[in-house]
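**Q** Output the structure for:
(one chain, ligands or ions: 1)
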Amino acid sequence: MTDNIISTAVIIGAGIFGVSTAVQLARRGVNVTILNDGPPANGASGRSLSWLNSARMRSEPYHRLRVAGIDRYRTLAAKNPDADWLRFDGGLTWDADDERNEIDAAYRHEVSIGYDAQRLSAQDVSRVVPGLDTSGITPQGAIFNPGEGWVDLPTLIGLLLKEFSELGGVVVTDQGAAKVVIEGGRAIGAQTANGDLHRADAVVLATGPAVPKMAAE
Ligand SMILES: Cc1cc2nc3c(=O)[nH]c(=O)nc-3n(C[C@H](O)[C@H](O)[C@H](O)COP(=O)(O)OP(=O)(O)OC[C@H]3O[C@@H](n4cnc5c(N)ncnc54)[C@H](O)[C@@H]3O)c2cc1C
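**A** Coordinates of the predicted model:
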């Protein structure tokens with residue numbers, strides 16, 4: 001590798017963003033160290049509903065990002081057809097029977113952008129999703145999106161970390177909050193709470209909701 005190509009990286013955060021970024025870099029030959037404050041998946045990724053969707057009204061750029069994400073998860077599902085941690089059985093949603101009910105507007109919006117959507121009454125739902133107790137479905141009905149899915153993020157993070165370790169990646173967990181170390185105006189690595197410095201050509205912030213504050217610092 002030449003001097004201006006990144007050969008080492010430190011990633012702060014072992015949620016789905018940090019761990020998937022780490023595997024992608026390791027597959028390309030970068031020596032990566034992940035630093036996490038607690039055990040892997042102890043942030044949003046460990047609590048997520050993990051519904052793979054771009055349902056309802058969203059901005060065009062955010063919709064495109066979410067559809068790109070669903071595309072990658074479909075590729076992963078095709079490679080793991082028997083996985084019980086990743087499924088594309090479709091998504092069903094409905095709203096409360098009050099003034100915030102947006103089922104009609106959401107359905108019209110989804111159809112207008114070509115997002116696969118079906119408007120269902122409670123009776124239709126029992127046909128499409130057999131076994132579901134439909135008594136809670138409100139008179140405005142529900143939307144079924146056949147192309148949507150679900151992923152168990154802690155399981156996926158565990159599988160990605162296994163590949164990461166096999167590629168020689170280093171995972172440092174349960175070390176408290178790490179911080180970026182700056183020298184001469186650029187990031188030269190990251191330091192764990194106990195003072196261990198991990199030098200690298202690049203530092204990736206994957207600390208979930210803490211990213212804006214850490215980047216600002
Ligand atoms: C209840 C809930 C439901 C959700 N449902 C959905 C859904 O249905 N569909 C969907 O697409 N998204 C959903 N999300 C959002 C989705 O889960 C998150 O966008 C995603 O998990 C974020 O991943 P991340 O890796 O960026 O952050 P995180 O998973 O939060 O990972 C960041 C990691 O960094 C660690 N960390 C933070 N600061 C430091 C530091 N200084 N040093 C070391 N480590 C640090 C944290 O402990 C954490 O492990 C949901 C989120 C929640 C909370």
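**Q** If you count neighbours, what's buried in the top helix by length along the chain?
**A** For the chain, the longest helix by residue count, based on DSSP state H, is helix 60-79. Judged by neighbour count (16 or more other CB atoms under 10 Å), helix 60-79 contains these buried residues: 63, 70, 73, 77. Heads up, the C-betas are built off the backbone N, CA and C, glycines and all.
**Q** One more: stretch 28-45?
**A** 30-37, 40-43, 45.
**Q** Check the offset of that stretch from the chain's centre.
**A** Its chain's average C-alpha position is 14 Å from that of stretch 28-45, according to CA atoms, centre = their mean, to the nearest Å.
**Q** That stretch spans what distance, first to last residue?
**A** One end of stretch 28-45 sits 25 Å from the other (CA to CA, to the nearest Å).
**Q** Give me the mean pLDDT for that stretch.
**A** Average pLDDT, stretch 28-45: 97.
**Q** again with stretch 85-95
**A** 96.
**Q** Got the domain ranges for the chain?
**A** 8-46+153-216, 51-149 (automatic domain parsing).
**Q** how about the residues of this protein near the ligand?
**A** Contact residues (CB under 6 Å from any ligand atom) of the chain with the ligand: 12-18, 35-38, 42-45, 47-51, 177-178, 206-208, 210.
**Q** let's go with 5 Å and repeat that
**A** Applying CB under 5 Å from any ligand atom, we find that the chain lies next to the ligand at 12-13, 15-17, 36-37, 42-45, 47-49, 51, 177-178, 207-208, 210.
**Q** Pull out the buried residues from those residues.
**A** Looks like these have 12, 13, 15, 16, 17, 36, 37, 42, 43, 45, 178, 207 buried, using 16+ other CB under 10 Å.
**Q** Can you give me the buried ones in the helix or strand of the chain with the lowest mean pLDDT?
**A** Using mean pLDDT, DSSP states H and E, helix 122-128 stands out as the lowest-scoring helix or strand of the chain, at a mean of 92. Using 16+ other CB under 10 Å as the burial criterion, the residues of helix 122-128 that qualify are 122, 124, 125.
**Q** Hmm, the first one is touching residue 132, no?
**A** When you say that, I think you mean residue 122. No - contact criterion CB atoms under 8 Å: residue 122 and residue 132 do not qualify, at 9.6 Å.
**Q** from the buried residues of helix 122-128, which is closest to the ligand?
**A** Nearest to the ligand among the buried residues of helix 122-128, counting by CB to the nearest ligand atom, is residue 125 at 19.9 Å.
**Q** The closest one and residue 138 touch, don't they?
**A** No - assessed by CB under 8 Å, residue 125 is found out of contact with residue 138, at 11.4 Å.
**Q** low-confidence ranges in the chain?
**A** Counting by pLDDT under 70, the chain has low-confidence residues at 1-4.
**Q** In it, mark out all the helices, start to finish.
**A** Going by DSSP H, the chain shows helices at 16-27, 60-79, 103-112, 122-128, 153-166, 211-216.
**Q** how about the first one: buried residues?
**A** What that stands for is helix 16-27. Result for helix 16-27 [16+ other CB under 10 Å]: buried residues 16, 17, 18, 19, 20, 21, 22, 23, 25, 26.
**Q** how far does that helix sit from the chain's center?
**A** That offset, for helix 16-27, works out to 12 Å (CA atoms, centre = their mean).
**Q** Go ahead and name everything in contact with that helix.
**A** Contact partners of helix 16-27, identified using CB atoms under 8 Å, 6 or more residues apart in numbering, comprise 9, 11-12, 32, 34, 36, 40-41, 45, 153, 156-157, 160-161, 163-164, 167-169, 204, 206-208.
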